[in-house]
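[1] Compute the structure for the input listed below.
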Amino acid sequence: MNPNIDPATDIVAYNRAAWDSQVRKGNRWTIPVTPEEIERARVGDWSIVLTPEKPVPREWFPDFTGGPVEVLCLAGSGGQQSPILAAAGAKVTVFDNSPAQLSQDQMVAEREGLDIKLVQGDMAGLSELADESFDLIVHPCSNCFVPNVLPAWIEASRVIEAGCNAFVIPSRHIIQAGIVWDKFACMAP
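    Numbers count the residues shown, from 1 in each chain. This is a model prediction of the structure:
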């Protein structure tokens with residue numbers, strides 16, 4: 001990591017460098033899923049985790065085999081959630097700040113023949129993504145890495161279809177802001 005990046009003046013660059021460094025160090029959230037996990041997901045035996053211990057309940061997900069379900073993994077690369085969801089049948093876009101984390105998703109996609117769209121950027125600026133273009137947003141606890149979560153959530157509300165779901169691990173930012181969205185439900189384990 002570049003010790004010259006001041007998080008107070010450039011939090012996006014600081015977080016990018018920090019996560020790129022975590023990939024080099026082998027942090028658990030940067031270790032891609034195995035071919036065996038992908039094979040199980042292809043036959044319907046899958047789960048994802050957004051917290052250290054507890055899988056997201058399967059009943060929170062739509063049926064990915066019943067037609068195209070557009071999923072945005074927001075600030076959630078690392079070669080874990082997106083490949084599992086793509087293997088389960090979802091049409092997945094990963095939007096993340098870290099090139100090294102995105103490379104983990106790309107590696108699994110290439111290894112397993114999965115179609116995953118990768119976009120590098122700041123979760124507070126999703127201008128590359130069309131309005132109401134996703135049926136589901138999977139968003140790990142990345143909110144804890146930004147000083148103000150509201151811009152990211154405004155963008156999330158813009159890109160998700162009305163009446164669809166976002167999975168979020170609540171952070172102090174969401175609780176303090178008291179955010180309630182009419183457009184989608186925020187669910188947490």
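
[2] what's the burial count for the closest residue to Pro62 other than its chain neighbours?
    Spatially, and ignoring its direct neighbours in sequence, Pro62 is nearest to Val69 (5.2 Å; CB to CB, 6 or more residues apart in numbering). Backbone N, C-alpha and C define where each C-beta goes, glycine included. Neighbour count of Val69, defined by other CB atoms under 10 Å: 20.

[3] ditto for Ser133
    Per other CB under 10 Å, the neighbour tally for Ser133 reads 14.

[4] you'd agree it is up against Pro68?
    No. If you go by CB atoms under 8 Å, Ser133 and Pro68 don't touch, sitting 11.6 Å apart.

[5] Report pLDDT for the residue nearest to Pro62.
    Looking at Val69, its pLDDT is 91.

[6] Now do the contacts for it.
    62-63, 89-91, 135-136 (CB atoms under 8 Å, 6 or more residues apart in numbering).

[7] And Asp20, by the same measure?
    Going by CB under 8 Å, 6+ apart, the list of residues near Asp20 reads 1, 98-101.

[8] just the buried members of those residues?
    The neighbour count (16 or more other CB atoms under 10 Å) marks 98, 100-101 as buried among the contacts of Asp20.

[9] from the middle of its chain, how far away would the helix or strand Asp105 falls within be?
    Assigned by DSSP states H and E, Asp105 belongs to helix 99-112. What separates the centre of helix 99-112 from the centre of its chain is 14 Å, taken as CA atoms, centre = their mean, to the nearest Å.

[10] ok, residues contacting it?
    Helix 99-112 has contacts (CB under 8 Å, 6+ apart) with 16, 19-20, 22-24, 30-33, 35, 38, 77-80, 82-83, 86-87, 94, 96, 114-116, 118, 120.

[11] and the helix or strand following it, which strands flank it?
    Per DSSP H and E, the first helix or strand lying C-terminal to helix 99-112 is strand 116-120. Looking at strand 116-120 with DSSP bridges, its partner strands are strand 91-96 (parallel).

[12] got the angle between the partner strand and helix 99-112?
    For strand 91-96 against helix 99-112, the angle by axes from the mean of the first three to the mean of the last three CA atoms, to 10 degrees is 160 degrees.

[13] Quick check: buried residues in strand 91-96?
    For strand 91-96, using 16+ other CB under 10 Å, the buried residues are 91-96.

[14] Rebuild the residues you listed as TSV, extending it with pLDDT.
    Shown next, in TSV, are the buried residues of strand 91-96 (pLDDT from 0 to 100):
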residue	pLDDT
Lys91	96
Val92	97
Thr93	97
Val94	96
Phe95	93
Asp96	92
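
[15] Between the two ends of stretch 59-76, what distance do you get?
    21 Å (CA to CA, to the nearest Å).

[16] swap that for stretch 29-36, please
    18 Å.
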